[in-house]
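In: Task: produce atomic coordinates for the following.
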Amino acid sequence: MSKKVICIIDDDLIYQLIINKIIAKLNIDYQVVSFYNGKDALDTLSSTLKETKNLPEIILLDLKMPIMDGWDFMENIGRILSYKKNKTEIYIVSSSISYEDQERAKSYPEIKGYFSKPIDGNQILDIIKMKR
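Out: Purely as a prediction, here's the structure:
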């Protein structure tokens with residue numbers, strides 16, 4: 001059986017590296033895939049869906065990115081999620097502490113939580129527990 005997948009969509013390469021290291025230390029059965037912006041993620045997820053009908057179980061999504069930000073990603077991912085077999089849960093992980101951003105996140109049923117950066121291993125474990 002293949003590993004479950006956590007997808008990180010964030011333009012901060014150092015943050016991506018830190019999350020990868022945290023997940024490796026947690027010794028959980030998840031593979032991490034990372035994308036620099038929403039468009040790269042959307043394109044890859046669309047291709048993956050066509051091939052396997054499976055998408056990541058968890059997406060950790062930043063809001064502020066070049067090319068396609070988190071909100072634009074959310075506007076486009078809904079149609080992709082409707083065609084898949086497994087359930088993907090999206091968690092905003094952002095440096096934005098804006099009340100407006102937090103409220104806007106509530107308008108998307110796919111978004112299951114909002115975390116301020118940086119997140120730690122305990123928060124990642126909480127996300128995984130919520131997924132079960």
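In: what residue is smack in the middle of this structure?
Out: Per CA atoms, centre = their mean, the C-alpha nearest to the average position across the chain is that of residue 59, at 1.8 Å.
In: what kind of secondary structure is it in?
Out: Using DSSP: H, G, I helix; E, B strand; the rest coil as the criterion, the local structure at residue 59 reads strand.
In: does it have beta-bridge partners, and which?
Out: Taking DSSP bridges as the rule, residue 59 bridges to residue 7, residue 90.
In: Find me the pLDDT at it, would you?
Out: For residue 59, the pLDDT comes out at 95.
In: Return the per-residue confidence for residue 68.
Out: Here the pLDDT value assigned to residue 68 is 94.
In: ok, and the closest non-adjacent residue to it?
Out: In space, residue 68 comes closest to residue 38 once its chain neighbours are excluded; the distance is 3.4 Å by CB to CB, 6 or more residues apart in numbering. (C-beta placed from N, C-alpha, C; glycine too.)
In: Contacts only, for that neighbour.
Out: By CB atoms under 8 Å, 6 or more residues apart in numbering, the contact list for residue 38 reads 9, 61, 65, 67, 68, 69, 70, 72, 73, 76.
In: The last one contacts residue 42, doesn't it?
Out: Yes: proximity of residue 76 to residue 42 meets the contact threshold set by CB atoms under 8 Å, at 5.5 Å.
In: which neighbours do these two share?
Out: With CB under 8 Å, 6+ apart as the test, residue 76 and residue 42 both reach residue 68.
In: Noted, bye for now.
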